[in-house]
Structures are given as structure tokens and as C-alpha cells.
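Peer 1: here is my input, please return the structure:
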Amino acid sequence: MSPFWVTAFLDNAAAHHHESVGFWQDVTGYAVSAPRGDDGEFATLLPPDGDAYLRVQRRHQGGDRIHLDLHVPDPQAAARSAVAAGATLVVDRGYVVMASPGGFVFCFVPSPASVRPRATEHGRGSASRVRQVALDVPPAAYRTELGFWTAVTGWAQRASSVSDDFRFLVPPADHDQNRDQPLRLLLQRLGEADASGAVRAHLDWGTTDRAAETERHLGLGAHVLAVHPHWTVLRDPVGRVYCLTDGDPS
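Peer 2: I've put the predicted structure just below:
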């Protein structure tokens, strides 16, 4: 059951949740919704146009992470298919919380959405938008995770021209329900130094001017960790790692 929309959740440790939300509000230029949930733990980053695809959560315990919401017409049916593909059911609350074979947490939700926000233009002439979730996969789990996410999304695999350790999952452009997907997925095989632990994730931005966008992020409190030919690795003020890429933000 292919998702008609994907939302990325920035799950924050309670101690710095508000600082993290403030940074991501500033850097995206999005508004923040009123909190919701039993303890006011959830909120949505609201783009000026299109439907929301970034949300935040204050965790009761544990550190920062990313999780995904896959929007489908029938979460329970999608969960059964995911279990058949190797997922573990965590809990069914109407929305269904799952874990991939490599331990990455995601949810099936029925919430409607269909219009991808436009890239945000900034004063220095650059335009940018979070456009991709990169799943960081230990080498031993890579083949299994790639097969699992291909099965769960129904999206096509595409090789990378940059590295054999990258594989894209891209929604079909000719499929009406996926034409305006806000996020695509990248599965990244980690190096041996990062080979242990569960699958984790980071966000990738696309930008029309990576140098200008980097300076904008630095001015809001981010720090550069590494500069590569096609992307720059940054850390936000609370320690979350993400990337700016030369990918088309639109």
C-alpha cells in the first residue's frame, strides 16, 4: 500500500525541545502550530503554502531522533503488509507505530495531504526546502532495509552517481497520488566505523545556492561539520546532524 504522503518527525529530548523547535522554525521560515497531544508533546511546522510535512515531538524519555509518518488510506491494512515484509508492530493507537527490521521507528497514519510546499526563497537569493530523509543503515542491515522500504513504499530504486553506498527511493512521477510527494528517501550504507546499532535517519535539504544557504544556517546557530563536493554536513544548536545538498529544492 504505497503512501500518498510522507511526514518527517523531529523527535526531541525533553531538555532541549523548545530550543530545537525554535531553530527549525527559524531555519525553515515556517510557523509552528499550537501544541497537541495528551501532554502537548506534538506540534506541526506550517509552511506558508501547501500541506505540512515536518512535525516535532517532545519525547518523554530518550534522545533526539527522526521518525517517519507514512500516510495511507488504511493504516491497519498497511501495517499487516509491513509485518509480512519484516516490520514489527509496536502499538496500534488508530495510527499504527511500527519498527523496520533494522529498528527504525515509523507510523502509518490516515491524515490527508496532497500539495507539496514550494521552496522558500531567502534574502541572499537562495531557495531551499527539506526534500529528503536519509536512512543511515549499518552495513549488515543494508540489503534487508533496502528491500523492506522498497516493499513498504512501492517506490522505485534509483542508483546514485555519487556513491555506491547511496540508493534513492523515488515515488513515480506519473502516479497521481505521488506526484506532489514532499519527501523522497535515501538509504545510505554507513562505513564500518558506524556499523553498530539501529537504523537512524537525518534530513537533507535541497538548495539553489549551498554556500549562501550555509551562511544563513550558521547565522541561526548551526555549525559546519564537513564540506563535500555535493553536500555540506551541519549540526544544529542542540546537536542534530543534517545536510545541505545541491539537489533541486522544488
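Peer 1: quick one: residue 56 and residue 46 touch, right?
Peer 2: No - in this structure residue 56 lies outside contact range of residue 46 using C-beta atoms under 8 Å: 11.4 Å. Placement of C-beta: from N, CA and C, glycine included.
Peer 1: against residue 75, how distant is the nearest residue to residue 140 once chain neighbours are set aside?
Peer 2: Using C-beta to C-beta, 6 or more residues apart in numbering and skipping the chain neighbours, the partner closest in space to residue 140 is residue 195 (7.0 Å). Distance of residue 195 to residue 75, computed by C-beta to C-beta, to the nearest Å: 33 Å.
Peer 1: which of these two has more neighbours?
Peer 2: residue 75 (25 against 13; other C-beta atoms under 10 Å).
Peer 1: list the contacts for the more buried one?
Peer 2: 94, 95, 96, 107, 108, 109, 110 (C-beta atoms under 8 Å, 6 or more residues apart in numbering).
Peer 1: name the nearest of these relative to residue 202.
Peer 2: residue 107 (18.5 Å; C-beta to C-beta).
Peer 1: in what helix or strand does the closest one lie?
Peer 2: For residue 107, the host element (DSSP states H and E) is strand 105-109.
Peer 1: so in that sheet, which strands flank the helix or strand that that strand is followed by, and in what orientation?
Peer 2: Later in the chain than strand 105-109, the nearest helix or strand by DSSP H and E is strand 120-121. Strand pairing for strand 120-121, using DSSP bridges, gives strand 127-137 (antiparallel).
Peer 1: just how off-centre is the strand it pairs with within its chain?
Peer 2: Offset of strand 127-137 from its chain centre (C-alpha atoms, centre = their mean, to the nearest Å): 6 Å.
Peer 1: neighbours of residue 39, how many?
Peer 2: With other C-beta under 10 Å as criterion, residue 39 counts 10.
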